[in-house]
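S.K.: Quick one: sequence and predicted model below, then my questions.
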Amino acid sequence: MHARKDNPELLKAQALGLKVYSYPEYIYEQSKDKIRVVIGGSHGKTTITSMILHVLKSQGMEFDYMVGAQLEGFETMVKLTADAPVIILEGDEYLASPIDRRPKFHLYHANIALLSGIAWDHINVFPTFASYLEQFRIFLDTVTEGGKVIYCEEDEELRNLVRHYPEGRVEKQAYGLPESLTRNGQTSLVYGQKEYPLEIFGHHNLLNLNGARAVCNALGVDDETFFEAIQSFKGAARRLEVLKKTEYFAVYKDFAHSPSKLKATTAAVRDQFPDRVLVACMELHTFSSLDKNFLLEYKGSMDTADEAIVYFNPHTIEHKKLEPISAEQVKKAFARPDLQVYTDSEAMVSYLKQKHWKNANLLMMSSGNFDGTDLQALAQSLAE
């Protein structure tokens, strides 16, 4: 999708009359004889896929995969072999290629599908919520007959979509939160008479975990085996990734950028550390987030933070050929009068370095990098 229609290799292939596959089409062609597990949804895809891979690997199972982040214990983000009987695919709803305008997850024809939730995104392609929602309905049609659809029952839009989908063609299975408890910033699962301490935390991560468990069950992994294995899962890169942690302070980096992800991630850190001050900082970086109309979707998305900061670079807006936005527009959109807005990343970093961080957490959220800010170095300097 990062290529353009005038890509010279593409033009030459077309001139020669060669068969041209989009990336997801190619993945499907290589996995037609495998059990295809596709993880879709507006949020949580990478984390759920990563959890499944972590558990399957712990059991020594043979599987292929494609995931959207670098994972600990995995050398690559894609693995394709001739022999593995199963492939686990992160199913993105964005477009397949410059010449194939279908969403990627329509092309995999899942045998086992998981949907984590539906929250409007990619407005440059799906200008209305109805057009975005329709892509998920079509996805259900692409699941193989007799296949299985696992879905998060907490998400109202998703719940309505799946429940109204015709009965009989696919099996439907809902999932919600597992039983858990949190003590002193440590979350544990409760199963039977046993507690399983986790490296991860947060409402959305627990939902993701239960979705991953349902998929692993479908692949033959029992609950107790799953719970034992998931204890050592540390998360995917940039998903509540710990940059620095002390007894009284922590800095987290997260990929969150859409309104639903922002809300869930901020709430997760707040709930895990209710007695610490939470400073949440996010970057408006994507096409959707920088669109002045979509910006209104961010209302209330950072309300659980004690202090909220938003950064954007006006040059990024120019590069994406969007209408300029102002700091006042951003404040109004987030509906938070005390919101601090920065357009200079160095000024933002300078402000953070001046703050007192004992009994406080910092959450940095972006699909970009705050214009090249070294977040690891920032975390270290704040700890010092």
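M.R.: Good, I have the coordinates. Numbers count the residues shown, from 1 in each chain.

S.K.: Can you identify each of the strands in the stretch 151-300 of the chain by residue range?
M.R.: Counting by DSSP state E, counting those that start in this stretch, the stretch 151-300 of the chain has strands at residues 171-175, 180-183, 186-191, 194-197, 241-245, 249-254, 277-283.

S.K.: ok, and for the lengthiest helix in the chain, which residues are buried?
M.R.: Counting by DSSP state H, the longest helix found in the chain is helix 203-218. Across helix 203-218, burial judged by 16 or more other C-beta atoms under 10 Å covers 204-216, 218. C-beta coordinates here come from the backbone N, C-alpha and C atoms, glycine included.

S.K.: Let me have those residues in JSON lines, adding pLDDT as columns.
M.R.: Formatted as JSON lines, the buried residues of helix 203-218 follow (pLDDT from 0 to 100):
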{"residue": "His204", "pLDDT": "93"}
{"residue": "Asn205", "pLDDT": "94"}
{"residue": "Leu206", "pLDDT": "96"}
{"residue": "Leu207", "pLDDT": "97"}
{"residue": "Asn208", "pLDDT": "97"}
{"residue": "Leu209", "pLDDT": "98"}
{"residue": "Asn210", "pLDDT": "98"}
{"residue": "Gly211", "pLDDT": "98"}
{"residue": "Ala212", "pLDDT": "98"}
{"residue": "Arg213", "pLDDT": "98"}
{"residue": "Ala214", "pLDDT": "98"}
{"residue": "Val215", "pLDDT": "98"}
{"residue": "Cys216", "pLDDT": "98"}
{"residue": "Ala218", "pLDDT": "98"}
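
S.K.: now, among the residues you listed, which is nearest to Thr46?
M.R.: Using C-beta to C-beta, Asn208 is the member of the buried residues of helix 203-218 that sits closest to Thr46, with 9.5 Å.

S.K.: Might you report the residue contacts of the closest one?
M.R.: Asn208 sits next to Gly44, Thr47, Ile48, Met51, Ser116 when contact means C-beta atoms under 8 Å, 6 or more residues apart in numbering.

S.K.: Now the two most distant members of these.
M.R.: Spanning the widest gap among those are Met51 and Ser116, at 11.5 Å by C-beta to C-beta.

S.K.: In terms of neighbours, single out the busier of those two.
M.R.: More crowded of Met51 and Ser116, by other C-beta atoms under 10 Å: Met51, with 28 against 25.

S.K.: and the more buried one, what element?
M.R.: With secondary structure defined by DSSP states H and E, Met51 is part of helix 45-58.

S.K.: list the helices and strands the helix or strand just after that helix packs on?
M.R.: Using DSSP H and E, the helix or strand that follows helix 45-58 towards the C-terminus is strand 64-66. Helices and strands touching strand 64-66, by 3 or more C-beta pairs under 8 Å, 6 or more residues apart in numbering; DSSP states H and E, are strand 78-79, strand 86-90.

S.K.: Those strands: which one's closest to Glu384?
M.R.: Smallest distance to Glu384 across the helices and strands packed on strand 64-66 (C-beta to C-beta): 37.3 Å, for strand 86-90.

S.K.: thinking again about what came up before, and the angle for the longest helix of the chain with strand 171-175?
M.R.: Interaxial angle of helix 203-218 relative to strand 171-175 (axes from the mean of the first three to the mean of the last three C-alpha atoms, to 10 degrees): 140 degrees.

S.K.: now stretch 267-287: mean pLDDT?
M.R.: Average pLDDT, stretch 267-287: 94.

S.K.: dump the residue contacts of Ala280.
M.R.: Taking C-beta under 8 Å, 6+ apart as the test, what Ala280 contacts is Thr266, Val269, Met302, Ala305, Glu307, Ala308, Ile309, Leu363, Met365.

S.K.: what about 7 Å?
M.R.: Neighbouring residues of Ala280 by C-beta atoms under 7 Å, 6 or more residues apart in numbering: Thr266, Met302, Ala305, Ala308, Leu363, Met365.

S.K.: Among those residues, which are located in helices?
M.R.: Per DSSP H, the contacts of Ala280 map to helices at Thr266.

S.K.: With respect to Val125, which of the contacts of Ala280 is nearest?
M.R.: Proximity of those to Val125, judged by C-beta to C-beta, is greatest for Met365, which lies at 22.7 Å.

S.K.: The longest helix of the chain vs strand 86-90, what angle?
M.R.: Using the same axes, to 10 degrees: helix 203-218 against strand 86-90 is 160 degrees.

S.K.: Give me the distance between stretch 3-21 and the centre of its chain.
M.R.: Distance, stretch centre to chain centre, for stretch 3-21: 31 Å (C-alpha atoms, centre = their mean, to the nearest Å).

S.K.: Just the buried residues of it, please?
M.R.: Buried residues in stretch 3-21, counted by 16+ other C-beta under 10 Å: Leu10, Tyr21.

S.K.: May I have the distance across it, first residue to last?
M.R.: Length of stretch 3-21, first residue to last, C-alpha to C-alpha, to the nearest Å: 13 Å.

S.K.: Same question for stretch 222-241.
M.R.: Start to finish, the residues bounding stretch 222-241 are 28 Å apart (C-alpha to C-alpha).

S.K.: List the buried residues for that stretch?
M.R.: 226-227, 229-230, 233-241.

S.K.: Turn those into a markdown table, including distance to Glu323 and pLDDT.
M.R.: Below are the buried residues of stretch 222-241 laid out as a markdown table (distance: C-beta to C-beta, whole Å; pLDDT from 0 to 100):
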| residue | distance to Glu323 | pLDDT |
| --- | --- | --- |
| Phe226 | 48 | 98 |
| Phe227 | 50 | 98 |
| Ala229 | 49 | 98 |
| Ile230 | 45 | 98 |
| Phe233 | 42 | 95 |
| Lys234 | 41 | 90 |
| Gly235 | 36 | 85 |
| Ala236 | 34 | 81 |
| Ala237 | 33 | 78 |
| Arg238 | 29 | 80 |
| Arg239 | 32 | 85 |
| Leu240 | 33 | 90 |
| Glu241 | 33 | 91 |
